[in-house]
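> sequence below, structure please.
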Amino acid sequence: MIFLYRYCRMLEEGSFRGRTADFVFMFLFGGLLMTIFGMFVSLVFLGQAFTIMLVYVWSRRNPNVRMNFFGLLNFQAPFLPWVLMGFSLLLGNSIIVDLLGIAVGHVYFFLEDVFPNQPGGGRWLKTPSIIKMLFDTPEEDANYNPLPEDRPGGFAWGEGRRLGG
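Alright, predicted model coming up:
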């Protein structure tokens, strides 16, 4: 849960700042892809894979961040999902869940950040307009003139008079 909270928050405040609909679309895309891939490897609980997907996307978008694992291992952020997978392996857990999260995170990162910047590449992942309509705040209208009670300071009550003078 700590990883989910931390890396979800860092993504939302970092590369997805002001793009709530794109953030929600990443969740939906990752969840759908994980569900499909999870059926082929007989995985039912995909929470850890989803967390690893978020960690993977964050780590690829922040490649220069230095990480420290339990004070023993120093490395750059793009290696974090692999270090976590190695730690799962040391604990005797199956790494299929971690590999699924890394694979889905890589598919999203490649389609969103790598492929559009290649010669002849384009954006395949576009947030649907219904999601943008639901989650993004509408742009401010430059011609909008708020009512007096909505303006800062409320109503213009006049000059006023000093008491006792």
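> for stretch 100-110, the averaged confidence score.
Per-residue pLDDT values across stretch 100-110 average out to 94.
> buried stuff in that stretch?
100, 101, 102, 103, 104, 105, 106, 107, 108, 109 (16 or more other Cβ atoms under 10 Å). Where you see a C-beta, it was placed from the backbone N, CA and C, and this is true even at glycine.
> reformat those residues as CSV; add distance to residue 116 and secondary structure.
CSV is the format used below for these (distance: Cβ to Cβ, whole Å; DSSP: H, G, I helix; E, B strand; the rest coil):
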residue, distance to residue 116, secondary structure
100, 24, helix
101, 23, helix
102, 21, helix
103, 20, helix
104, 18, helix
105, 17, helix
106, 15, helix
107, 14, helix
108, 13, helix
109, 11, helix
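> just the residues you listed now: which is nearest residue 144?
Distance to residue 144, by Cβ to Cβ, is smallest for residue 108 among the buried residues of stretch 100-110, at 36.6 Å.
> roughly how far does that closest one sit from residue 95?
20 Å (Cβ to Cβ, to the nearest Å).
> and if you look at residue 102?
Distance from residue 102 to residue 95, by Cβ to Cβ: 9 Å.
> give me the common contacts of those two.
residue 85 (Cβ atoms under 8 Å, 6 or more residues apart in numbering).
> can you name the two of the buried residues of stretch 100-110 that are farthest apart?
Farthest pair in the buried residues of stretch 100-110, by Cβ to Cβ: 100 and 109, 14.8 Å.
> how many neighbours does residue 33 have?
17 (other Cβ atoms under 10 Å).
> what's the lengthiest helix in the chain packed up against?
Counting by DSSP state H, the longest helix found in the chain is helix 20-40. Packing partners of helix 20-40 (3 or more Cβ pairs under 8 Å, 6 or more residues apart in numbering; DSSP states H and E): helix 2-13, helix 47-61, helix 96-109, helix 129-135.
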